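> structural data only, the sequence is not supplied:
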């Protein structure tokens, strides 16, 4: 506290049971305990503002916050209150005004994580400033800590245009907070809809693995489809969309669609679901060796080329590989070409099939 902001002296002694007058308390220069520079102590906030902050440290004189840190305190004002205990360090036994001076540097560095943990436990809202929108969602800032609102945790107003939140100050609820991993995940939707953790947990516990549900599509990304099943967040990974190879999830669903899904797994830690579309239909690899025995001649279509060969689709979800080692180099294979081939080998567990193109005579390499 600067000399300019100090209160006028008074000799009146505050009453033990009456309201605290912090300004009068500054004049109590007779210390009840020994104050030593460098000691870490627990201080109780007596008054707090960007003009001056007072702490009770168990001495006759209240302590003050150093001038440099006083400039930073405004960031934390919404999260600190009179009567709250806070960890501090004595950096001066007596300032030129005669009061002990404290540092809250440790709190500035670690205390904000404690605030987040408490806010998560009591399901309180916090205010964040939104930044840019990226693959993970909308990035946010809370007292210098970088966090994210996953796209699925946005309200419908912003699902289509999450970039509109950039620069806005909004209220959110905390989903995950982990200081060691420097991870903060929050939800705008839960804050707006006033959903409690208890309600989320009750809904999550009702969901049964292996059961078919209707899911609302909330978002689509390059790695899958985000859904909501009876109020619980879920993801259909790209590998669970179809028995066929999927390169673009957006070709299978769009925001607002209601689709049938099967619950594959429940993540009790994050209250999230792993979902599947393909498991609601017959697995084409079941009994594959009965339908495609070795040496059977089949018809197929070349669907893609890799450096090691050509993939040929025999039916939806069933593809075989014509390896480059089985080719003479004279073949004119193109995407979309219709060909005939022999079944060379099948690995049902690995879901792999080897093919050899039909020729007048089987090549020497064919086994």
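Done, it's in. Here the structure is a predicted model, which means the values were calculated and not measured.

> helices and strands of the protein: which one has the lowest mean pLDDT?
helix 22-25 (a mean of 54; mean pLDDT, DSSP states H and E).

> same question for whichever helix or strand comes after it, mean pLDDT?
For helix 22-25, the following helix or strand on the C-terminal side (DSSP states H and E) is strand 40-48. Strand 40-48 shows a mean pLDDT of 89.

> report all helices and strands that the helix or strand just after strand 40-48 contacts.
Reading on from strand 40-48 to the C-terminus, the next helix or strand found by DSSP H and E is strand 53-56. Under the contact criterion of 3 or more Cβ pairs under 8 Å, 6 or more residues apart in numbering; DSSP states H and E, strand 53-56 touches strand 40-48, strand 63-65. For glycine as for every other residue, the C-beta is placed from the backbone atoms N, C-alpha and C.

> tell me which of the ones you listed is the most buried.
Most buried of these by mean neighbour count (mean count of other Cβ atoms under 10 Å) is strand 63-65; its value is a mean of 24.

> immediately after that one, which helix or strand?
Assigned by DSSP H and E, the successor of strand 63-65 is helix 67-70.

> now that next one: buried residues?
Neighbour-count burial for helix 67-70 flags 69, 70 (criterion: 16 or more other Cβ atoms under 10 Å).

> how close does residue 291 get to residue 222?
Separation of residue 291 from residue 222 (Cβ to Cβ, to the nearest Å): 33 Å.

> more neighbours, those two?
Per other Cβ atoms under 10 Å, whichever of residue 291 and residue 222 has more neighbours is residue 291, with 16 against 10.

> report pLDDT for the more buried one.
In this model, residue 291 carries a pLDDT of 93.

> dump the residue contacts of it.
With contacts defined as Cβ atoms under 8 Å, 6 or more residues apart in numbering, residue 291 has no neighbours.

> could you do residue 178 as well?
Residue 178 makes contact with residue 184 under the criterion Cβ under 8 Å, 6+ apart.

> can you tell me how far it sits from residue 184?
Noted for residue 178: a distance of 8 Å to residue 184, by Cβ to Cβ.

> same question, residue 136
To residue 184, residue 136 is 12 Å away according to Cβ to Cβ.

> for residue 151, same thing?
Distance from residue 151 to residue 184, counting by Cβ to Cβ: 16 Å.

> in stretch 102-109, what counts as buried?
By neighbour count with 16+ other Cβ under 10 Å, stretch 102-109 contains the buried residues 102, 103, 104, 105, 107, 108.

> cool, and stretch 158-166?
Within stretch 158-166, the residues scored as buried using 16+ other Cβ under 10 Å are 158, 159, 162, 165.
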